[in-house]
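1. 3D model of this:
(chains A and B)
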Amino acid sequence: MESNYATPEEYGLPDLLCCAASREVKDNEIVFAGTGLPMVAIMLAQKTHAPNLKLIFEAGTLDGRPPQIPTSVGDARCEMGASRSSGLNDAFSVAQRGYVDLGFLGGAEVDEYGNVNTTCIGNYLDPELRLTGSGGNPDINSFARRTVFIMVHEKRRFTDQVSYITSPGWRVKKWPEGSFVHRKELYGSAYRGGPSAVISTAGVFRFDDETGRIYLDTCHRGNSPEQIREMCQFDLDISRVSGETLPPTREELHFIHSVLDPEQIFIPKVKHKG
Amino acid sequence: MTGKRITLQQAAEIIKDGSSLTFSGFTIWRRPFALVFELIRQGRKGLHLIEVNGGPQTEFLVGAGCVDIWESCWVGHELYGKYGANLSRKVGNKEIIVEDYSHAEMLFRFAAAASGAPYAATQTSLGTDLHNPEYDMLGRAGLRDGKRIPKHKYIFTEDPFYGAGEQVLVPAAKVDVAVMCVQQVGEEGTVRVNGQFYSDPEVARAADITIVMAEEIVPEEYLRRESDRNTIASFEVDYILECPFGAHPTGMFGRYDVDGAFLKDFYGRTRTQEGFDDFAKEWIHGQDHHSYLEKLGWPRMLNLKANTALNYSTGVKRGQ
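-> Purely as a prediction, here's the structure:
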């Protein structure tokens, strides 16, 4: 088995992130797919260890099996092979109804309780930079049992305090006063779960079941726990590190580059050095 | 014949300065671009865009200075531009009011309006700054008159029926005009959308005036032979017009793909107002829809043309 793992020359960081994300998917789950690398990751899971997973595209495709990878969830490539193609009302109603097990999301900033910002950098009322806005990020994160965030790792992004809570983590604001409470307290009977992992370009992070605080689980090759702690503004818990993030297998790399994304839309092929 | 047919110029004239406006489609798919360009040519001002989600159409209208208020959840160009640089610039300069909701909230707001309900109840986005009372931007601007703009951004309430805890009430999205961009419309207004219909049924029904811009106007009788395949009923549509390739640079299921190179170019060149003005001078001002298509040229459009068996283009270069 061990020999089936690719050697460091055979894969790049996007391959590693894609495979780490894919391994978060369990068989038979209903997964809400965003655009980009997560879509490749989910379809990779479908080709390998989770053949019975069901894909939902936010723009309105239920149980999709696209023969060619869509570049966005509104893409004409979403429909073919799907159980039903319709609209957003179906996608969000199904999610609020509680069908969704897992969602993959992104973000510009994350704090130690998994609150994520995709709205603005700086004061909302006078921002340094306005970003895309929420999209479906808070919706999927509110409705799904688990969410996994895929993010670029920079110290300014792993922050003490996000500029704006776009998507709810484990300790969130109770309005109108804005005091922090545990997610369970606020969501009541609508509570189903929350962020379960962050896959950054440096490592894989998880959240403590009780406190909801983030901790480092695995380091990507070439990063030490101490280095990763240095790359966070908050005091990262590195006491529970389980090892190095598992590399892609050759089978996974084959699916990514020969079957799922041969056009290299989301995942570039690593260039072999002579 | 019912006389619903109008021209592109007439369609743009229905949308007045200060109108609230919404569109068909999803991010970079099926946006009524020919009409967006015509609004820019006609110099429309003070628009209030209320969109389930934004996209290139938002960026063009905002960049051209047509928009005073944008109420939505997301703007960008997907793979072809990671955020809305024009909106971002105008937010920074305080030249536009942005009211943020979540995507599901926006959808539920249109669904409520489409069924004549004053609001929807949901459990999404609890604990986020979307619900921060300090960030009620229309309220801060003193615009919540309770007529077209709701008295409150949100109301929190406990579920009175099943004790399911805290609920967010979001107001129905009341809009003056919806402009739809679809594959087919009948002479009496029946719409058939192919592929995902996104939030088109809710949007068309919510608006006071619904204008449908179609790739082709077809005989009503043809659409009524298989009425179960139709998306929007005839009487929900007030005006129709035929405008082939009217969604370009966005894509249309079964007809043509997104013109990613065009969007990339737009995103790259319109970070500054000067850049936007230059782009508009090149592609919008002094043009009409036919001269725009002529400028794009046959080879470009043929490359985007969808394969009729697959419903997407097999010629378009998508990756690196």
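
2. got a pLDDT number for the nearest residue to residue A:99 once chain neighbours are set aside?
-> Counting by CB to CB, 6 or more residues apart in numbering or on different chains, the nearest residue to residue A:99 once its immediate chain neighbours are dropped is residue A:30, at 5.3 Å. Just so you know, the C-beta spots here come from the backbone N, C-alpha and C atoms, and that holds for glycine as well. What the model reports as pLDDT for residue A:30 is 98.

3. do you know how far residue A:30 is from chain B?
-> 17 Å (CB to the nearest CB, to the nearest Å).

4. Contacts only, for that residue.
-> Residues near residue A:30 by CB atoms under 8 Å, 6 or more residues apart in numbering or on different chains: A:53-54, A:56, A:99-102.

5. Now for the residues you listed, which sits with the most neighbours around it?
-> residue A:56 (26 neighbours; other CB atoms under 10 Å in any protein chain shown).

6. from the chain's centre, how far out does stretch A:227-235 sit?
-> 20 Å (CA atoms, centre = their mean, to the nearest Å).

7. Would you mind checking the average pLDDT for it?
-> 98.

8. now do stretch A:108-117
-> Here the average pLDDT along stretch A:108-117 is 98.

9. Give the ranges of residues in the chain that sit below the confidence cut-off.
-> This is for chain A. By pLDDT under 70, the low-scoring segments of chain A are A:1-3, A:272-274.

10. I was after chain B.
-> Checking chain B against pLDDT under 70 turns up B:1-2.

11. So which residues of it form helices?
-> Shown for chain B, the helices assigned by DSSP state H span residues B:8-14, B:33-41, B:56-63, B:85-92, B:103-114, B:137-140, B:200-206, B:220-224, B:260-269, B:273-283, B:289-296, B:298-304.

12. would you turn these into CSV with mean neighbour count and distance to residue A:87?
-> As requested, the helices of chain B are exported to CSV (neighbours: other CB atoms under 10 Å in any protein chain shown; distance: least, CB to CB, whole Å):
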stretch, mean neighbour count, distance to residue A:87
helix B:8-14, 17, 24
helix B:33-41, 24, 21
helix B:56-63, 26, 18
helix B:85-92, 22, 25
helix B:103-114, 27, 9
helix B:137-140, 17, 27
helix B:200-206, 25, 7
helix B:220-224, 15, 19
helix B:260-269, 18, 23
helix B:273-283, 16, 30
helix B:289-296, 14, 28
helix B:298-304, 14, 24
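
13. Serialize these to a markdown table and add fields for distance to residue B:48.
-> Output for the helices of chain B, formatted as a markdown table (distance: least, CB to CB, whole Å):
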| stretch | distance to residue B:48 |
| --- | --- |
| helix B:8-14 | 15 |
| helix B:33-41 | 13 |
| helix B:56-63 | 11 |
| helix B:85-92 | 14 |
| helix B:103-114 | 14 |
| helix B:137-140 | 9 |
| helix B:200-206 | 14 |
| helix B:220-224 | 33 |
| helix B:260-269 | 23 |
| helix B:273-283 | 21 |
| helix B:289-296 | 25 |
| helix B:298-304 | 32 |
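
14. For the stretch 201-320 of chain B, which residues are neighbours of chain A?
-> Counting by CB under 8 Å from any CB of the partner chain, the stretch 201-320 of chain B comes close to chain A at B:201-202, B:251-254, B:257-258, B:260, B:306, B:310-312, B:317-320.

15. can you tell me which of those are in strands?
-> Assignment to strands by DSSP state E places none of those there.

16. Counting neighbours, what do you get for residue 135?
-> Here I'm looking at chain A. 27.

17. hmm, I had chain B in mind actually
-> Neighbour tally, residue B:135, other CB under 10 Å: 18.

18. Pretty sure it sits against residue B:129.
-> Yes. At 6.1 Å, residue B:135 counts as touching residue B:129 under the criterion of CB atoms under 8 Å.

19. Identify the contacts common to these two.
-> With CB under 8 Å, 6+ apart as the test, residue B:135 and residue B:129 both reach residue A:124.

20. circling back to that earlier point, any chance of TSV for the contacts of residue A:30, columns distance to residue B:243 and secondary structure?
-> Formatted as TSV, those follow (distance: CB to CB, whole Å; DSSP: H, G, I helix; E, B strand; the rest coil):
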residue	distance to residue B:243	secondary structure
A:53	40	coil
A:54	37	strand
A:56	32	strand
A:99	38	coil
A:100	38	coil
A:101	42	coil
A:102	41	strand
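
21. Now the two most distant members of the residues you listed.
-> Using CB to CB, those span at most 12.7 Å, a distance reached by A:53 and A:99.

22. buried stuff in stretch A:112-126?
-> A:112-121, A:124 (16 or more other CB atoms under 10 Å in any protein chain shown).

23. Which ones, among those, also lie beside chain B?
-> A:119-120, A:124.

24. right, and out of those residues, which lies closest to chain B?
-> residue A:124 (5.7 Å; CB to the nearest CB).

25. That closest one: what's its closest spatial neighbour, skipping adjacent residues?
-> In space, residue A:124 is closest to residue A:164, 5.3 Å off (CB to CB, 6+ apart).

26. For beta bridges, what are the partners of residue A:200?
-> Residue A:200 forms beta bridges with residue A:151, as assigned by DSSP bridges.

27. Just give the number of residues close to it.
-> Other residues close to residue A:200 by other CB under 10 Å number 24.

28. same deal with residue A:257?
-> Neighbours of residue A:257 (other CB under 10 Å): 17.

29. Buried only: go through the residues of the stretch 201-320 of chain B next to chain A for me.
-> Of those, these count as buried by 16+ other CB under 10 Å: B:201-202, B:251-254, B:257-258, B:260, B:306, B:311-312, B:318.
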